[in-house]
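Novice: Dropping the sequence and predicted coords here.
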Amino acid sequence: METQKLKGQSALVTGADSGIGKGVAIALAQAGAKVLINYNSNQESAEEVVAEIKEKGGDAHCFQADVSSEHDVQAMFAKHLELFGSIDILVNNAGLQKDAKFIDMTLVDWNKVIDVNLTGQFLCSREAAKAFLARGVVEGVSRSAGKIICMSSVHEVIPWAGHVNYAASKGGINMFMKSIAQELAPHKIRVVGIGPGAIQTPINKEAWETPEALDKLLELIPYKRIGKPEDIGKLVAWVASDEADYITGTTIFSDGGMTLYPGFEDNG
């Protein structure tokens, strides 16, 4: 078991039944936090994450909720407080893609991505902030009253043709994160964005599952490797700890250099 930097704390991770969310949930549990695993539809996978955490000596439960539903989100937070008594860390990870050329993109697919990726973060962050404000700082647990971690993407700064709804949602997350960080900082609540680059998860399997696809992807990554969910998990666990207590209102990119615009590395 790794250093228990988050011992005595509890965390809610949305979209934690697979991919980055799973990696984050496991890392938080390894750091000592009790974790509520949110999922939308795949209960079996969520229960497998819970079992994996418990096998390693951690404490975890799972709960079904659509983060774009106010009713579901409020029920999820009520369950979290029932299970753990309080909440210390929210990781807004749930997200999806509905890709299409811009002129072919339907309003339904635009709205779905914005609703889950951006509005879901608003709903969850609002409930977390209410809980943090009601409790305040607990001495001996954390120097802050609470931590909100907003999972974004390199595409909050890198345009992405064919994915305008996704890129717009991530750009929105950046300004949402900064704005609530500014508002909540005086209350000792930290808000930090995480911007993953290419991470080996089911959502982007086509980009790495064959040697040819992986080679093409690596052209965009100066560090010449694809990221793993545990790369993001370890970063989130650190950001949520008191070691990062002076960090708020910024996005930390974990991308192997993708935001360095590698197309210009040979002078453009």
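Specialist: Received the coordinates, thanks.
Novice: quick one: secondary structure of the nearest residue to Y223 once chain neighbours are set aside?
Specialist: Nearest residue to Y223 in three dimensions, chain neighbours excluded: G256, at 3.5 Å (CB to CB, 6 or more residues apart in numbering). Bear in mind the C-beta positions are built from the backbone N, C-alpha and C, glycine included. When classified by DSSP: H, G, I helix; E, B strand; the rest coil, G256 comes out as coil.
Novice: Would you mind measuring from G256 to A161?
Specialist: Distance, G256 to A161, using CB to CB, to the nearest Å: 21 Å.
Novice: next one: G120
Specialist: For G120, the distance to A161 - CB to CB - is 24 Å.
Novice: The two: which has the busier surroundings?
Specialist: More crowded of G120 and A161, by other CB atoms under 10 Å: G120, with 28 against 8.
Novice: That one: helix or strand, and which one exactly?
Specialist: Element membership for G120, per DSSP states H and E: helix 120-135.
Novice: next structured bit after that helix?
Specialist: Per DSSP H and E, the helix or strand that comes after helix 120-135 is strand 146-151.
Novice: other SSEs contacting that following strand?
Specialist: strand 89-92, helix 120-135, helix 164-184, strand 189-196, helix 229-239 (3 or more CB pairs under 8 Å, 6 or more residues apart in numbering; DSSP states H and E).
Novice: how about the helix holding G120: buried residues?
Specialist: In terms of neighbour count (16 or more other CB atoms under 10 Å), helix 120-135 has its buried residues at 120-129, 131-132.
Novice: and the angle from that helix to strand 146-151?
Specialist: 170 degrees (axes from the mean of the first three to the mean of the last three CA atoms, to 10 degrees).
Novice: Helix 120-135 - contacts with which helices or strands?
Specialist: helix 70-84, strand 89-92, strand 146-151, helix 164-184, strand 189-196.
Novice: what does the helix or strand of the chain with the lowest mean pLDDT contact?
Specialist: Within the chain, no helix or strand scores below helix 211-218, which has a mean of 92 by mean pLDDT, DSSP states H and E. Here helix 211-218 makes contact (CB atoms under 8 Å, 6 or more residues apart in numbering) with 198, 206-208, 224-226.
Novice: Next, count neighbours for the closest residue to Q64 other than its chain neighbours.
Specialist: Sequence neighbours aside, Y39 is the residue nearest to Q64 in space, at 5.9 Å (criterion: CB to CB, 6+ apart). Y39 has 24 neighbours, counted by other CB under 10 Å.
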